[in-house]
Each structure stands twice: as structure tokens, then as C-alpha cells.
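Enquirer: sequence and predicted structure below; questions after.
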Amino acid sequence: GPGSGPFPGPCPAWGPRLLPARGRKTRHDPPAKSKASRLKVPPPVDPEELLVVLERYRLHRLVLSALRGGLGLCRSGLWVCGAAVKEEAGCGAAMGQGAGYRAVELLWDRAFFFFLCGREERIRKEEEERKRQKLQAAENQARRLEAFLKEKEQEVLQLQEEAKTFITPENLDARIEECLDNPRNYNFAIDKDGRIVKRTVLS
């Protein structure tokens, strides 16, 4: 009412010096004790669903860009055709109404023919580019497969070389005799440079 609060006269609906409504906190008040340790975690996202959504968004943007490009191309082509039609119609009007209509029809047919030829040429170029990209992708895939097979072949050869030193039931006795004849002591200490400074004596 009038005179209530820090302002004389009618109380405004909002002001920087007004106290907040009952049950509300200002932006400077700390969080409640029951919510002090609460961490806001975003909801989990399904990776498969995310991939599907991203692919659908990509297709949607692709369709929209194609529609915008086609609409702009049609507008530009029709604007040029319309300007030529108006000019031809003006010339035909000077010769006569019937001749003007026939000239306009011929001009429209010629304009749409050129427009159709340009569209077919553009589609043909896009098809050639698509075939070229597909061929390039197939070549890259074959190249990667060849490199992968070479890498696996090198791994197999390396494993075959390492298998020559494996201990098998056939050479187990010979390897035991070799270890007994040439004992090795791995209990030693080294310095910062990696040199052996102390070694225990085998008993």
C-alpha cells in the first residue's frame, strides 16, 4: 500500500532494493545444505541414437541446401527468361498481337530448352563426380587393405622368428642343460648411467 516499504507512495512491482518474496532466495544466497554437494549431471546419451540423430540432421541440412540452391537457380533462370520475354513481347507488340504471342511462345520454348540442357549437363557432371569419388574411395580402400595385409604378414614373420627360441617339449632338456651350464645372476644394482655397481655371488 502507499507508504509501505522503503519507497514513499505506491510500492513498485520490482526494484533493486525490494526484499524478495517469501520463500525465494536472491542470487547471492548460498545453496541449501541439503543440496550443497549435489552435482548436476547431464542425462546419459545413447551413442547409437546419437549417431542416428546426427545422420538425420545431416540429411535434413543436405536436402534444405539442395532446395535453396535449386530455388535460387530457378529464380535466376526465370528472371533472365522473363527479361528476354518482355523485350521480345515489346518487339512483337510493334509488329502485331498475333506475331507477338508467337514470338513469346517461341522464346519461352527456347529458354526452357536451354534451361533443361543446362540442368541435364549439371546432372551429368554431378554423376561423373560421384563416380569419380566412388572410384577414388575404392582405390583408397584397396590401398589400406594392402597395407594392412603387409603389416599382418610382417607380424607373422616376426612371430615365426621368435618361435625359434620358444621352449617346447622337444628341446626342454637341452634348454635346461644350457641354463645349468651357463648360470646367470640377475640380482645386481646399477647406477644412474645403467652400469652394474654391485652383484651378489651365486651360491
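Expert: Received, thanks.

Enquirer: from now on I want contacts and neighbour counts done on CA atoms only, so please keep to that.
Expert: Will do.

Enquirer: which parts of this structure are strands?
Expert: With DSSP state E as the criterion, the chain has strands at 188-190, 196-199.

Enquirer: in terms of mean pLDDT, which of the ones you listed ranks lowest?
Expert: Confidence, taken as mean pLDDT, is least for strand 196-199 of those (a mean of 82).

Enquirer: export the strands of the chain to TSV and tack on distance to Leu149 and mean neighbour count?
Expert: Compiled in TSV, these are given as follows (distance: least, C-alpha to C-alpha, whole Å; neighbours: other C-alpha atoms under 10 Å):
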stretch	distance to Leu149	mean neighbour count
strand 188-190	43	11
strand 196-199	43	11
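
Enquirer: rebuild those as CSV, extending it with distance to Glu151.
Expert: Output for the strands of the chain, formatted as CSV (distance: least, C-alpha to C-alpha, whole Å):
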stretch, distance to Glu151
strand 188-190, 38
strand 196-199, 38
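
Enquirer: can you say which of those is nearest to Thr26?
Expert: Among the strands of the chain, the nearest to Thr26 by C-alpha to C-alpha is strand 188-190 (66.0 Å).

Enquirer: gap between the residue most central in space within the chain and Ser65?
Expert: The centroid of the chain falls nearest to Leu54 when counting by C-alpha atoms, centre = their mean (8.7 Å). Note on Leu54: its distance to Ser65, by C-alpha to C-alpha, to the nearest Å, is 16 Å.

Enquirer: same question, Cys179
Expert: 75 Å.

Enquirer: same question, Ala138
Expert: For Ala138, the distance to Ser65 - C-alpha to C-alpha - is 28 Å.

Enquirer: figure out which of the strands of the chain is closest to Arg122.
Expert: Using C-alpha to C-alpha, the strands of the chain put strand 188-190 closest to Arg122, at 74.6 Å.

Enquirer: what's the closest one packed up against?
Expert: Contacting strand 188-190 under the criterion 3 or more C-alpha pairs under 8 Å, 6 or more residues apart in numbering; DSSP states H and E are the following elements: strand 196-199.

Enquirer: in its sheet, what does the strand it packs on sit against?
Expert: Counting by DSSP bridges, the strands paired with strand 196-199 are strand 188-190 (antiparallel).

Enquirer: now do the partner strand: distance to the chain's middle.
Expert: 53 Å (C-alpha atoms, centre = their mean, to the nearest Å).
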